[in-house]
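Asker: Give me a model of this one.
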Amino acid sequence: MRGRNDAGQSKRPIVLCCMMIVCLCLLFLYFSGSNGQAKSTAFEYGTKFSRTLGWGTDDGEDGSEESIFGTGDADDIKPKSFPVCDDRHSELIPCLDRNLIYQMRLKLDLNLMEHYERHCPPPERRFNCLIPPPHGYKVPIKWPKSRDVVWKANIPHTHLAKQKSDQNWMVEAGEKIKFPGGGTHFHHGADKYISNIANMLNFKDNNINNEGMLRTILDVGCGVASFGGYLLSSNVIAMSLAPNDVHQNQIQFALERGIPAYLGVLGTKRLPYPSRSFELAHCSRCRIDWLQRDGILLLELDRLLRPGGYFAYSSPEAYAQDEEDLRIWKEMSALVERMCWKIAEKRNQTVIWVKPLNNDCYRRRALGTKPPLCKSGDDPDSVWGVPMEACITPYPEQMHRDGGTGLAPWPARLTTPPPRLADLYVTADTFEKDTEMWQQRVENYWSLLGPKVKPDTIRNIMDMKANFGSFAAALKDKDVWVMNVVPHDGPSTLKIIYDRGLIGSNHDWCEAFSTYPRTYDLLHAWTVFSDLDKRGCSAEDLLLEMDRILRPTGFIIVRDKSVAIEFIKKYLHALHWEAITAVDAEPSPESEENEMILIIRKKSWFKKSLSAARALEHGK
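Answerer: A predicted model of the protein is given here:
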């Protein structure tokens, strides 16, 4: 017995070794097949280069402390080119890709609109290719003409023109698409509709800006954003919001027109904006069930409205007399009454509610009244991936005592230190110095851009790391608007940006932004790549994402450490970008080492011409 046992023990390592070899062979065959399959579908998935270096992971999960910029040696991997995506991806939005949802078999509740929320591809399923423009793409028509007309070739979708032909959303006109300014609920023009809302609120001269006290608006279910487009002439800026739903491309049309807009939905997660950001929320036939889940969607609007803020609601429930509309109106009226909203005015087909200025009404409610107040530990400014809750967000004690926000009227509020600076332990002096510093920096940027930029060259701008929004504030005299992006895991400075009368969004640059391709004229990236280095996410993926959202002939201003600048330079040829200039930046108190400025311009290219150029490059 002992002899047989010893023999079994001597054979066991050999058997285990054979089993391991077989498993490794099977794994090798599996992954070889996967890579081959990926390459056979127009280079669709994965970034082999980034995976080789362990990129594409959040927060450095592989435990490596190696910089994503490599060693700085000449032997570092340098791509010669990126493949071009298939034409069917010319409008790809990676984190809002319906095909990805089907392929990954995500179990989502369609009734709760989860399929319209962000679902980003894992690193191995990210596209590693350049998004091609549609056939016949042209440099967009310049603002302000673009508010009313765009090139049809740039957004070759005319179904909305046919579907909404009786509502004056948009009209086909040869090579162009025209926007008469109408909407589902304002056939005769957004300008008249806006004036009517101001009249209902007794604003002076029927001007919606209310002598500068009304500046930021959230337009839910915005269509092609004509409401937001016509607000701009009154010095009012709207965040026009709509999902990528059956009315496809409405946000793409809005951005092509040069109107601020964002792809988003009232579903299960909070919108990426801090509490008390908007003076007015607007819904015109936005097809939202406000009564669902104990009024959770209406309570999300309540979180976003400032003290004394308004909700303008134009919908059949506000005026129709059939049984179902009357039922909805009765239940909705009861809900907003328990939320302490009051009717400011109800006229024709529109009702406007107003939110209380302080907490007095909340405190007078009977015990157990629903919806309840949110728990004291709830942070109403924490929004990135945070589920909505069916509760009322009360005001902080100081705001309750003040009975309002304490904000200056526009345009003074742009440079006046807002009260919420105290939440971040930031002094007024620091705020003012930041404003002055970015004023000087922006003047330097425009000097470096020089003859490349005319007064109408740039309209849509994104500040990828906006801090207090001083970059955008420095552009106040230019005919542009800025999407101020604040990192989701940093200080909640986005509320300061909204308090200045600007707009923006929280975001994680390890993921794709919620916008269509070719929607921004200029991207400003201040230490964005250095921040990415600390997290271990893919800098290559970020470069491809920046290329996706930048319009052909658009500009990028990178302000970062020299190692980041040198890294980006390696990719210019592969991305079909050209360096305009690279200079040392002035010393910065925020940076541990001196920064550099790299200004880039994206070349205009088409798939066929690019293929021909590459064939010549390879001697074919």
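
Asker: In the stretch 1-150 of the chain, mark out all the helices, start to finish.
Answerer: 2-40, 48-52, 98-103 (DSSP state H, counting those that start in this stretch).

Asker: Could you identify which of those helices has the lowest mean pLDDT?
Answerer: For the helices of the stretch 1-150 of the chain, mean pLDDT drops lowest on helix 48-52, to a mean of 36.

Asker: okay, and for this structure, where does confidence drop off?
Answerer: Residues of the chain that meet the criterion pLDDT under 70 lie in 1-66, 71-78, 161-167, 184, 246-248, 589-592, 607-620.

Asker: Closest to the centroid, which residue in it?
Answerer: residue 514 (4.6 Å; C-alpha atoms, centre = their mean).

Asker: Helix, strand, or coil at that residue?
Answerer: Following DSSP: H, G, I helix; E, B strand; the rest coil, residue 514 is assigned to coil.

Asker: That one touches residue 265, doesn't it?
Answerer: No. At 9.9 Å, residue 514 does not count as touching residue 265 under the criterion of C-beta atoms under 8 Å. From N, CA and C alone the C-beta is placed, and that goes for glycine too.

Asker: Just confirm residue 288 is within a strand.
Answerer: No. Checked against three-state DSSP, residue 288 lies outside a strand; its state is coil.

Asker: surely it meets residue 221?
Answerer: Yes. Using C-beta under 8 Å, residue 288 is in contact with residue 221, at 6.6 Å.

Asker: Looking at the two, which one has more neighbours?
Answerer: residue 221 (21 against 18; other C-beta atoms under 10 Å).

Asker: list the contacts for the nearest residue to residue 419 once chain neighbours are set aside?
Answerer: Nearest-residue entry for residue 419: residue 406, 4.6 Å, with adjacent residues in sequence omitted and distances by C-beta to C-beta, 6 or more residues apart in numbering. Residue 406 makes contact with 399, 418, 419, according to C-beta atoms under 8 Å, 6 or more residues apart in numbering.

Asker: before we move on, which element is residue 406 in?
Answerer: Remark: residue 406 resides in no helix or strand, with elements defined by DSSP states H and E.

Asker: likewise the one 4 residues further on?
Answerer: Secondary structure here is read from DSSP H and E; on that basis residue 410 sits in neither a helix nor a strand.

Asker: swap in residue 254?
Answerer: helix 250-256.

Asker: Show me what that helix packs onto, helices and strands only.
Answerer: The contact analysis (3 or more C-beta pairs under 8 Å, 6 or more residues apart in numbering; DSSP states H and E) places helix 250-256 against strand 237-242, strand 261-263.

Asker: Adding mean neighbour count, write those strands out as CSV.
Answerer: Converted to CSV, these look like this (neighbours: other C-beta atoms under 10 Å):
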stretch, mean neighbour count
strand 237-242, 25
strand 261-263, 25
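
Asker: Present these as CSV; the columns should include distance to residue 538.
Answerer: Converted to CSV, the helices and strands packed on helix 250-256 look like this (distance: least, C-beta to C-beta, whole Å):
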stretch, distance to residue 538
strand 237-242, 28
strand 261-263, 22
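
Asker: Please identify the one among the ones you listed that comes closest to residue 574.
Answerer: Of all the helices and strands packed on helix 250-256, strand 261-263 sits nearest to residue 574, with 27.8 Å by C-beta to C-beta.

Asker: What are the contacting residues of the closest one?
Answerer: Strand 261-263 is contacted from outside by 93, 96, 222, 225, 228, 239-244, 251, 254-255, 483, 505, 514-516, using C-beta under 8 Å, 6+ apart.

Asker: swap in stretch 596-605?
Answerer: Defining contact as C-beta under 8 Å, 6+ apart, one finds that stretch 596-605 is touched by 139, 444-445, 448-449, 452, 547, 550-562, 565, 568-569, 572, 575-585.
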